[in-house]
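>>> Any chance you could fold what I've pasted below:
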Amino acid sequence: MKKYLFHVGGMHCHSCKILIEDYIKEQPGVLSALVNLSKQTLEVEVENPDAPEKLAAEWSKILSPHKYHLSLEKQKEADELKPLIYAVPIGLAILGLFFLLQKSGLVNLGFTGGFSLWTAFFIGITASLSSCLAVVGGLVLSFSAKLSQGTFTKRPLVFFHAGRIIGFAVLGGILGIAGEVIAINNSVMAALGIFASLVMVILGINLLNVFHITKGLQFAMPRKIFDFLIKAENGFFAPFIAGIATFFLPCGFTQSMQFAALSSGSFAGGGLIMGTFVLGTFPMLALISFGSFRFAHTRYAQLFFKTAGVVVIGFGLLSLFASLAGLGIIKPLFNF
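Reported below is the predicted structural model:
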């Protein structure tokens, strides 16, 4: 027996950690596999020692459909920072455009109080293009494969998407009610808003993929729920239940919206935030349902995610300033 340590690229959240561990454990001769999300490493114990370069190459091919890769050496910081040269100005330009739209009254970004549905929709689109929805995309592809083979009708796909939309809206509403119960006064609501904003900022930093330590600042999901999702392609109502259960995936995108729903303080507010978020993920998942489109495999993926990281950090900081203004700590930044 021998242990190897590999560096992992492409991870964002605990879903990535679980998926990689499962894939590697299935390989011949592997006794154990443990991913450290903060350090971006994979420790593997194998029964029959082999050249680590060979293992890294073979396992990278297996993990590549989900945009993960293994290496013996840590990726150079210069390689990670290079896309930022373009991502930062593009992200700032997008934020500037949103501000102009806010000032014109065409959209409400929620920076003067509350939480923007536009922000929720944008984060939903970003989530649907990332590896954070590898489990969801994998389930959809599994349903689609069986559909193309003629082993069942379109019902599982319809049930799965319906479960996601309905489940996210209802569970988001429940989070809103929970926030209302917790929020005894406006100060508590503003504090919840601050917490939700900080979660958004951490999400944006994770998208930049520069400071890996923040990737450990996420909540993990019970292993049984994850195993259920993987096996949920069988059964009549299982796809609908699986769609609802994706609400509990340990994904930074979903978690940031869940805290936003909590800070809304109402069933309608929480339901709208989570419902808008899941609608943002729907177009890309619908494309995956009828094909094998994977934006994460394109040459522009890194630039997109880092640009999205800049935008999400901007939204998070401005929401944070709005919450601080609600507490009277600072003056409102916007008076549109």
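>>> For the rest of this, base every contact and every neighbour count on C-alpha atoms.
Fine.
>>> how close does L101 get to I94?
11 Å (Cα to Cα, to the nearest Å).
>>> Same question for L63.
In this structure, L63 and I94 are 33 Å apart, going by Cα to Cα.
>>> got it, and L84?
Noted for L84: a distance of 15 Å to I94, by Cα to Cα.
>>> do W59 as well
From W59 to I94 the distance is 38 Å (Cα to Cα).
>>> next one: F121
Computed with Cα to Cα, the distance linking F121 and I94 is 15 Å.
>>> Neighbour count for those two, which is higher?
Higher neighbour count among F121 and I94: F121, with 20 against 16, using other Cα atoms under 10 Å.
>>> ok now do the more buried one, which residues does it touch?
The neighbourhood of F121, defined by Cα atoms under 8 Å, 6 or more residues apart in numbering, consists of T276, F277, V278, L279, G280.
>>> Regarding it, what is its secondary structure?
When states are read from DSSP: H, G, I helix; E, B strand; the rest coil, the local structure at F121 comes out as helix.
>>> could you check the distance from it over to M200?
F121 is 14 Å from M200, where distance means Cα to Cα.
>>> what ranges do the strands span in the chain?
The residue ranges that make up the strands of the chain, judged by DSSP state E, are 2-9, 30-36, 41-46, 69-71.
>>> Sheet partners, orientation included, of the third one?
Here the strand partners of strand 41-46, with direction, are listed using DSSP bridges: strand 2-9 (antiparallel), strand 30-36 (antiparallel).
>>> Now mean neighbour count too, for those, in CSV please.
As requested, these are arranged in CSV below (neighbours: other Cα atoms under 10 Å):
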stretch, mean neighbour count
strand 2-9, 18
strand 30-36, 18
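>>> Just the mean pLDDT for the longest helix belonging to the chain, thanks.
The residue-count maximum for a helix in the chain (DSSP state H) belongs to helix 155-182. If you average the pLDDT over helix 155-182, you get 87.
>>> How about stretch 25-37?
Stretch 25-37 comes out with an average pLDDT of 88.
>>> start to end distance for it?
Distance across stretch 25-37, first residue to last, is 17 Å (Cα to Cα).
>>> Can you pull out the low-pLDDT segments for the stretch 51-200 of the chain?
Screening the stretch 51-200 of the chain residue by residue with the criterion pLDDT under 70, one finds the ranges 65-67, 75-80, 102, 104-115, 130-156, 183-186.
>>> list the contacts for the nearest residue to M200 once chain neighbours are set aside?
The shortest distance from M200 to any non-neighbouring residue, by Cα to Cα, 6 or more residues apart in numbering, is to G316 (5.1 Å). The contact partners of G316, by Cα under 8 Å, 6+ apart, come to S197, L198, V199, M200, V201.
>>> Out of those residues, list just those in helices.
Filtering the contacts of G316 for helices - DSSP H - leaves S197, L198, V199, M200, V201.
>>> A308 is in contact with P83, correct?
No. Counting by Cα atoms under 8 Å, P83 does not reach A308; the two are 12.0 Å apart.
>>> pLDDT wise, what is the residue nearest to M200 at?
In this model, G316 is scored at 82, pLDDT.
>>> and what of the one 3 residues further on?
pLDDT, the model's per-residue confidence, is 77 for S319.
>>> Likewise for L42?
Predicted confidence (pLDDT) at L42: the value is 91.
>>> Over to V46?
V46 is assigned a predicted lDDT (pLDDT) of 89.
>>> which residues of the stretch 201-336 of the chain fall in helices?
The residue ranges that make up the helices of the stretch 201-336 of the chain, judged by DSSP state H, counting those that start in this stretch, are 223-230, 238-245, 252-264, 267-289, 301-326.
>>> Show me the one of those helices that comes nearest D22.
Of all the helices of the stretch 201-336 of the chain, the one in closest proximity to D22, counting by Cα to Cα, is helix 223-230 (10.2 Å).
>>> how close does T307 sit to I273?
In this view, T307 and I273 are 22 Å apart by Cα to Cα.
>>> Between these two, tell me which one has more neighbours.
When neighbours are counted by other Cα under 10 Å, T307 and I273 differ, and I273 comes out ahead with 29 against 25.
>>> Which segments of the protein make up each domain?
Domains of the chain are assigned by automatic domain parsing as 2-71, 80-326.
>>> picking up where we left off before, quick one: list the elements packing against the longest helix of the chain.
Identification of packing neighbours for helix 155-182 by 3 or more Cα pairs under 8 Å, 6 or more residues apart in numbering; DSSP states H and E yields helix 134-148, helix 238-245, helix 252-264, helix 267-289.
>>> now with 6 Å?
Using 3 or more Cα pairs under 6 Å, 6 or more residues apart in numbering; DSSP states H and E as the contact definition, the elements that helix 155-182 packs against are helix 238-245, helix 252-264, helix 267-289.
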